[in-house]
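> coords please:
(one chain, ligands or ions: 2)
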Amino acid sequence: MSVTLSDLRPRENAGTSVSEIADLVGATCERAAQVSGVSVDSNDIAPGDLFIAVPGAATHGASFARLAVERGAVAVLTDAAGARQVCRECPDVPVIVVDDPRHVEGEVAARVYGDPSAAMPVLGVTGTNGKTTTAYLLHAIIQGQGVPALLQGTGVQKVGDDSVYTVRTTAEAPVLHRLMALARERGLAGAVLEISAHAVSLERINAIHFDAVGFTNLQHDHLDYYGDMEHYYRAKAGLFAPEHARVGVVCVDDEWGRRLAGEAEIPVVTVSTAGEDADWQVADARVDSRTGGTCFTLRGEGSDWGLSCPLPGDVNVQNSAVAALVARQAGIDPDQIARALAGAPQVPGRMEAIGSDSPDDPLVIVDYAHTPEALDAVLETARGLSSGKLHVVFGTDGDRDATKRPDVGRAAARGADVLWVTDENPRTEPAHVMRSQLLEGICDERPSLEGVTVVETSRRDAIREAIMAAAADDTVIITGKGAEAYQEINYCFHPFSDQAVARECLEGRAHRRALTARLDQ
Ligand SMILES: CC(=O)N[C@H]1[C@@H](OP(=O)(O)OP(=O)(O)OC[C@H]2O[C@@H](n3ccc(=O)[nH]c3=O)[C@H](O)[C@@H]2O)O[C@H](CO)[C@@H](O)[C@@H]1O[C@H](C)C(=O)N[C@@H](C)C(=O)N[C@H](CCC(=O)O)C(=O)O
Ligand SMILES: Nc1ncnc2c1ncn2[C@@H]1O[C@H](COP(=O)(O)OP(=O)(O)OP(=O)(O)O)[C@@H](O)[C@H]1O
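Numbers count the residues shown, from 1 in each chain. Ligands and ions are numbered 1, 2, ... in the order given. Alright, predicted model coming up:
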């Protein structure tokens, strides 16, 4: 039976009373009720929950209070405007009124679920790129003694054997506290959370006690939301504060990491993979000929720590180094860390090779690079993987930072020989406009547009054309969607998987070979 996010809640939760919650947030409430869960989404309410009605960018959550009550919500927490609507539509329901409901979400959820993050090791990671990969590595490490752990990140909420697909990188605070309560009930080893800048700005991580948090890098993204790099930086830096975390690890390879190391409000250790002044230096990084992954030494505290990780490329040296040090800062045994990193699993949709047994097929890789810097790095790694041409199939997301698009085009034109320009998640934007913004950057690097094909029909067609056209010694890298299970067009989520389409296309090549062989007989 498939599990949904709403199913992932503790079975037994004594919860707390409405009056206790009102006290906690400095409000009063005349009516009585016992609350056993919390949600900000009417679609996610279970009987006994408190519904927190938040004034959002699109709508006020209070518009959904009646639906929430029909699903079993026993009380509502909202602001004054929301309360007027709730009292009109649900006159019998206890209502707690505060100035800023989003601000108290975390604190209330922590109280209702019995402060689960205090009861287990909790590790977090932030940065523009590398969060998901580093979170998977930390998850492997924290599970190193054989006990499963909670992993929450882009595309996944994994609680032991249960796992559900999610769209957001970091869920709302009530979901995070609830998942940790479930993890505690199931006796899991701890939790690893991926933390987006939005999660800090929108207070999704409030009242979570992180034992250690890591920072990978800050690169061009999300400027639609933050306006400039300074505000984006400050959002990320907000995680390195005593109300969130005990200690931190900061990679100082870029200027933002170096600044964070000086400005963090918690004790941090620094690491560099690029020879910057740091507490820990990555030395002797090289390809592990046994696995195709990487080996390196972390040099610090007067000793050398030999590590390896099956994931290829320089970016994964950065991710592995941050993961190893976050775990070490949290008190995990260095030998356990080294063992777990060496056996870390493939991260879905991140430099994931799509297997083919035939020497006549190109190497096909699915990756999630969707920023200029990530594309630069990933194409450089892919370049070394085969002797032929490097093809890249890529697009850019709609309704997200448009300023990065020409740079994405430039990075693709710089790093690859053959470019197949297509769509990612157009959302509500016209796809042809986004393709022309990519082309603007491509033209800067390659005015002749040699080797550039714009595929207007569909992403599936672009992947098929690239894989069918590639020679056996070529590499085809499909970037931008990674392990996403859908393509979002005009508010509709169409099932779509780059990995599945790539497999189908490799089968298509096998059929073509079989047919040609038969015709040649
Ligand atoms: C800017 C932002 O993050 N907005 C998020 C925020 O929206 P909002 O507060 O404006 O909410 P709204 O849509 O106006 O709705 C108001 C309230 O009504 C509730 N509601 C709404 C509909 C309904 O049927 N029932 C219901 O109860 C909503 O849960 C919400 O509490 O709260 C919503 C509910 O949780 C989120 O879906 C929404 O994410 C939007 C869709 C989004 O695109 N977020 C992106 C930018 C984001 O968060 N990205 C980061 C970074 C990703 C990365 O690193 O690449 C992430 O962590 O995913
Ligand atoms: N440390 C890194 N530095 C730069 N690029 C990276 C790094 N790690 C991974 N990448 C590239 O970025 C892509 C996304 O990686 P990952 O999913 O780990 O990052 P993320 O921070 O979770 O991204 P998002 O916030 O968009 O979910 C990868 O597919 C790879 O191409």
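
> model confidence over stretch 472-480, on average?
In this model, stretch 472-480 has an average pLDDT of 96.

> tell me how far that stretch lies from the chain's centre.
Offset of stretch 472-480 from its chain centre (C-alpha atoms, centre = their mean, to the nearest Å): 23 Å.

> mind checking if it is in reach of ligand 2?
No: counting by C-beta under 6 Å from any ligand atom, ligand 2 is not contacted by stretch 472-480; separation bottoms out at 6.7 Å. Every C-beta, even on glycine, is put in place using the N, C-alpha and C of the backbone.

> flag every buried residue along the helix or strand containing R111.
Assigned by DSSP states H and E, R111 belongs to helix 101-112. Across helix 101-112, burial judged by 16 or more other C-beta atoms under 10 Å covers P101, R102, V104, E105, G106, E107, V108, A109, A110, R111, V112.

> up against ligand 2, what does the stretch 101-250 of the chain have?
Near ligand 2, when you scan the stretch 101-250 of the chain using C-beta under 6 Å from any ligand atom, you find G127, N129, G130, K131, T132, T133, T154, T169, T216, N217.

> quick one, strands of the stretch 151-300 of the chain?
Using DSSP state E, counting those that start in this stretch, the strands of the stretch 151-300 of the chain run over 156-159, 162-164, 191-194, 210-215, 245-251, 268-272, 280-287, 294-300.

> show me what counts as buried in the shortest one.
It stands for strand 162-164. Buried residues in strand 162-164 (16+ other C-beta under 10 Å): V164.

> in terms of secondary structure, what does it contact?
strand 156-159 (3 or more C-beta pairs under 8 Å, 6 or more residues apart in numbering; DSSP states H and E).

> contacts for the strand it packs on?
For strand 156-159, the surrounding residues in contact (C-beta atoms under 8 Å, 6 or more residues apart in numbering) are 5, 8, 139, 150-152, 163-166, 171, 175, 179, 182-183, 186, 188, 348.

> number of residues surrounding A502?
24 (other C-beta atoms under 10 Å).

> state the pLDDT value of it.
A502 is given a pLDDT of 97.

> how long is stretch 388-407 end to end?
25 Å (C-alpha to C-alpha, to the nearest Å).

> per-domain residue ranges of this structure.
5-101, 116-342, 352-513 (automatic domain parsing).

> redo those domains as TSV? Include distance to ligand 1.
Compiled in TSV, those are given as follows (distance: least, C-beta to the nearest ligand atom, whole Å):
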stretch	distance to ligand 1
domain 5-101	2
domain 116-342	3
domain 352-513	7
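
> would a markdown table of the ones you listed with distance to D520 be doable?
Formatted as a markdown table, those follow (distance: least, C-beta to C-beta, whole Å):
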| stretch | distance to D520 |
| --- | --- |
| domain 5-101 | 54 |
| domain 116-342 | 35 |
| domain 352-513 | 10 |
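
> what residue in the stretch 401-521 of the chain comes nearest to ligand 2?
The minimum distance from the stretch 401-521 of the chain to ligand 2, using C-beta to the nearest ligand atom, falls at G482 (5.8 Å).

> on that earlier part again, among the domains of the chain, which is the most enclosed?
domain 116-342 (a mean of 21; mean count of other C-beta atoms under 10 Å).

> and stretch 109-118, how far out from the chain middle?
23 Å.

> L151: what's it in contact with?
A135, Y136, H139, Q157, K158, A191, V192.

> contacting residues for the spatially most central residue of the chain?
The centre of the chain sits closest to T154, judged by C-alpha atoms, centre = their mean, with a distance of 3.1 Å. By C-beta under 8 Å, 6+ apart, the contact set of T154 is K131, T132, R168, T169, E194.
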